[in-house]
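Participant: below: sequence and its predicted model.
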Amino acid sequence: MARDGEKDILLVEDNPHDVELILHVFEWSNMHDRVRVVWDGQEALDALFEDAMRPRVILLDLKLPKVNGFEVLRRIKEDASLREIPVVVFSSSAEERDVAMSYGLGVNSYVVKPVEFDRFAEVIREIAAYWQINRSPDGVPRAD
Amino acid sequence: MVHLRPRPFSQTLFVFIIALITLAVVALTVVDYAIAEHNLREDRRLLENQTESELINEILLIESGYALFDDVMNREMNEGLLRLLEEYESAGRNASAMDLARIKREVFDDRMDLYVINVSNMVEFTTYPPDQGLDFRGSYDIAGYLDGIRNTSGFYPDRVVHDRASGQLRKYAYAPTPDHRYILELGMISDRMGFRQEPIQFGDAIRDIRIQNPDVDDVRLFTQFKYQLGDASFRPDAELSARLDRVLESRAGFDYDEPGTDRVVRYLFVDIRDEAYASDISKIAELTYSTRRLDDTLQDLVVYHALAAISVLAIGFVAARTVAGRLTQPINGIVGDVDAIALGDLDHPVSPSSVSEFSVLGTSIATMVGRLKQMIDQLQKQEASLRESEEKYRQLVEDAGSIILRLGPDGTIWYVNEFAERYFGYAPGELLGSDVTGTIVPEVDSEGVPMGDVVHSLCRDPADGINHLNENQRKDGSRVYVAWTNRPVVDTDGTYRGILCIGNDITRLKEAEDENRRLYAELEERVEQRTADLAAANRELESFTYTVSHDLRSPLRAIDGYTYILLHEHRSELTPSAMRYLDQISQNARRMARLIDDLLNFSRTGRQALSIRTVDPAVLVAEVLSDLAGERQGREVRVSVGALAPCRADPALLKQVFANLVGNAFKFTRTRAVAEVTIGSVEHGGHPVYFVRDNGIGFDQQYANTLFQVFHRLHDLRDYEGTGVGLAIVQRIVERHGGRVWVESVPDRGTTFFFTLGDGIDNGEGRGEGYPAG
């Protein structure tokens, strides 16, 4: 298990099944140990603000207990040191207003969680590819 | 400015005529009088002249008589002088030695007086004592005469003269002595001359004169020695003497106006002087003219003229009056006629006049009166019709079941109809003259708004036809509501006279209205409440569906995910049937996800707002076909898109409709070798009817209705997938656009879906006539 300092993906998700499936997909790319999982909005904020975590990308679900996804997104984008971190909303909601709200808050990308797992996996891989967080062959994370 | 009272024309005319007459009369009278006077004076003068010349003639005549007598006497005296000369000679040319008395006695028989005049022209010796020492030097002419003859010889008789001393007549003769020392003179005494006729002669003359000329008061004749002829004893007084002297000296006459009397004394100098004779026997005639006669005549003349003038004036007065009256008669005639007309008798005729101007006037007046009568007639007719309409109006007002008021500009009630009186609870006439505020209009309405000013400003200056609603009050103070229509009442000349107010009781109406309003407000409140509730419910539903869909999807994802992992990563541990079951699980999970999506969609189409725009369906259909391109892969699908009439619709929803229908068409033609799908629209009853036709499997028409119900499917799910929500969604969308969707199908032949947006063509069964069957 890598140390927390090496975690460069923050996954904010409250559904354990979704977490398991996401991590399973990351496992296929050997990226699963670079993911820090937080289970609610408050934990996400704590990780970012208290622990000063600076991941390469944040995967953010919208429906979260305690502090919801929008609030987290807003806080991230308002903070000068966090603003630069790409945030990808990964939500089962395809609602227009959720999308609009997210982009309004400055989200970098909004991805709808498909139900079909094959597509689900594909989407995750695309995200990883898009935000260039592939692991290099020698195990050192490299951002291109 | 002084206002003169108008005077009758006849008076003016009369005055004018009288003035003229007076003027004329006066002028004439004066002139006439002047002429008469002049003539009188002329006559008098002529008479005077005549008198005077007559007198002179008489005197001359008499004198010539004397002259004749003279001649007779001359001889005698000649002889006498001769004798006297002889005596002188016999006395030895010594005059003093002559005894003249004796000579006178003896020679002359005492008939003559003797005189001896010396060289000094003085009577040295004489038998006539009064003349003794008489100095002729005092009388120049005699002296001159004597001087003239002294140195001659001859016999020189003189005229009969009046003796200077006695005034008696005497005749003298002279003879110078041969020695020229003396002139011997003889003087014959008149009473010896037999000359007694003398005064009578002159007297006669005088009498004649006096008879002839009545103006002659007196005539006196004087000798140059101022002896009056005919009156030997007369001696003039100083004044007379002076006057006579004047005449004698000037040898001319003059007039002497005796002061204080009406007499004028004219002195005439009758020059009878003969150079041949010593004596100047010229006479002075004194004529005393009296102007009394003239004056009397003149006075009479004046009186006569005055009287004449007065009588003429009197006549003139009357005449002028008459004439003036006559002349103004036509005027008065007209005046009288017009006056009569003015007093009201319009039919009074204007009498014709002989004067053309009045005639014209009369005609004009008649015309005017005629027109006036016409106008009156018209007015009367108008008045009658006015009265009639007024009566109708009054009746109307009285009978009307409305409140009718007439207010003056100050808000006073001028008229109120019976209905109003009863309505407001006042006795008949009680309201008249009162102010409308305080009686009908309350001072303050029930909301505390003061009404007085409003009402008064309305009364002063109302806008035309203003309607308003008023809270009014009855006599007992109870409040009522009246709907008023107010109209300003304006004169024919535009003066504002007041307002006519017509009102209808709307108390009940108002109450009902108030109730209504209250209820309405309540209702609105409720509706608002409900709407809010509904909105809330909707929101709740929205969030519910959202949450639900979200929450429902997650497990499905998990199911599918784990199943996938199992199928792909644990394949070696699975039996074929296990794999088949897992696969089923996965498929069902996906199906359920689709169901959820469809249901979500379905619910949303019912709730979301339509954004209606003019849409060209062809564009949407093209998009749909593009979206469904995948369905056509590996198949022969012929799609023909006909003319699609533009419409007003929500583009997104309309696209969904087409997507569903076209998708269905593609789906149910899968078994065909060549799938034929036609999309188009036809015109029917003013609206486009869109259709999607396929040559697919079709279905039994009797189940057409159920097709649109949620989850109802007519085909085996094993053959045709589908959630059964699609058509429900289509129907909902179409119905929300106010249209209708229906279907016609023949099993194994094909299906045609029709829909309209806007007005649908509904005959209950969803079957339109004349539509091409699928």
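Facilitator: Happy to help now that I have it.

Participant: from chain A, how far off is B:Thr261?
Facilitator: 160 Å (Cβ to the nearest Cβ, to the nearest Å). C-beta: built from backbone N, CA, C; applies to glycine.

Participant: what's the weakest-modelled helix or strand in chain B?
Facilitator: helix B:190-193 (a mean of 60; mean pLDDT, DSSP states H and E).

Participant: now the phi/psi pair for the closest residue to B:Leu566 other than its chain neighbours, please.
Facilitator: Nearest residue to B:Leu566, sequence neighbours excluded (Cβ to Cβ, 6 or more residues apart in numbering or on different chains): B:Leu582, at 5.7 Å. Phi and psi for B:Leu582, reported as degrees, to the nearest 10, are phi -60, psi -40.

Participant: ditto for the one 4 residues further on
Facilitator: According to degrees, to the nearest 10, the main-chain angles of B:Ser586 amount to phi -60, psi -50.

Participant: pLDDT weak spots in the stretch 601-750 of chain B?
Facilitator: B:716-719 (pLDDT under 70).

Participant: can you name the residue of it nearest to chain A?
Facilitator: Proximity of the stretch 601-750 of chain B to chain A (Cβ to the nearest Cβ) peaks at B:Arg604, 9.7 Å away.

Participant: and the helix or strand harbouring that residue, what's buried?
Facilitator: Here B:Arg604, judged by DSSP states H and E, is contained in helix B:576-607. For helix B:576-607, the neighbour count (16 or more other Cβ atoms under 10 Å in any protein chain shown) marks B:582, B:585-586, B:589-590, B:592-593, B:595-603, B:605 as buried.

Participant: just give me the neighbour total for the residue lying closest to B:Tyr481 once chain neighbours are set aside.
Facilitator: Take B:Tyr481 and drop its neighbours on the chain: the residue closest to it by Cβ to Cβ, 6+ apart is B:Lys510, 4.0 Å away. The burial count assigned to B:Lys510 is 16, neighbours taken as other Cβ atoms under 10 Å in any protein chain shown.

Participant: tell me what whichever strand or helix holds B:Lys510 is packed against?
Facilitator: Element membership for B:Lys510, per DSSP H and E: helix B:507-569. Helix B:507-569 sits against helix A:16-28, helix A:117-130, strand B:479-490, helix B:576-607, with contacts defined as 3 or more Cβ pairs under 8 Å, 6 or more residues apart in numbering or on different chains; DSSP states H and E.

Participant: quick one: the last one to helix A:117-130, angle?
Facilitator: Taking axes from the mean of the first three to the mean of the last three Cα atoms, to 10 degrees, one finds helix B:576-607 and helix A:117-130 inclined to each other by 80 degrees.

Participant: repeat that for the shortest one.
Facilitator: Between strand B:479-490 and helix A:117-130, the angle formed by their directions is 60 degrees, by the same axes, to 10 degrees.

Participant: list the buried ones in strand B:479-490?
Facilitator: Under 16+ other Cβ under 10 Å, the buried positions of strand B:479-490 are B:Val480, B:Tyr481, B:Val482, B:Ala483, B:Trp484, B:Asn486, B:Pro488, B:Val489.

Participant: parallel or antiparallel, list what pairs with it.
Facilitator: If you go by DSSP bridges, strand B:479-490 pairs up with strand B:466-473 (antiparallel), strand B:496-505 (antiparallel).

Participant: most tightly packed of those strands?
Facilitator: strand B:496-505 (a mean of 19; mean count of other Cβ atoms under 10 Å in any protein chain shown).

Participant: pull the distance from that strand to the chain's centre.
Facilitator: 39 Å (Cα atoms, centre = their mean, to the nearest Å).

Participant: what do you get for stretch B:437-456?
Facilitator: With Cα atoms, centre = their mean, you get 48 Å for stretch B:437-456.

Participant: check the residue nearest the centre of chain A and give its pLDDT.
Facilitator: Geometric centre of chain A, nearest residue: A:Leu59, 1.2 Å, by Cα atoms, centre = their mean. With respect to pLDDT, A:Leu59 scores 93.

Participant: name every strand pairing with the strand or helix carrying it and say which way it goes.
Facilitator: Using DSSP H and E, A:Leu59 falls within strand A:57-60. Using DSSP bridges, strand A:57-60 pairs in its sheet with strand A:9-12 (parallel), strand A:87-91 (parallel).

Participant: how about CSV for the helices and strands packed on helix B:507-569, with distance to B:Ala67 added?
Facilitator: Shown next, in CSV, are the helices and strands packed on helix B:507-569 (distance: least, Cβ to Cβ, whole Å):
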stretch, distance to B:Ala67
helix A:16-28, 211
helix A:117-130, 204
strand B:479-490, 129
helix B:576-607, 189
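
Participant: so which of the ones you listed comes closest to B:Val216?
Facilitator: With Cβ to Cβ as the measure, strand B:479-490 is the member of these nearest B:Val216 (106.6 Å).

Participant: tell me how far the closest one is from the chain's mean position?
Facilitator: 43 Å.

Participant: hang on, the earlier thing: thought the residue nearest to B:Leu566 was touching B:His568?
Facilitator: No: applying Cβ atoms under 8 Å, one finds B:Leu582 not in contact with B:His568, separated by 10.2 Å.

Participant: what residues does chain A put near chain B?
Facilitator: A:15, A:17-18, A:20-21, A:24, A:63, A:92-93, A:95, A:113-118, A:120-121 (Cβ under 8 Å from any Cβ of the partner chain).

Participant: drop anything exposed from those residues.
Facilitator: In those, burial by neighbour count holds for A:15, A:18, A:21, A:24, A:63, A:92-93, A:95, A:113-117, A:120-121, counting by 16+ other Cβ under 10 Å.
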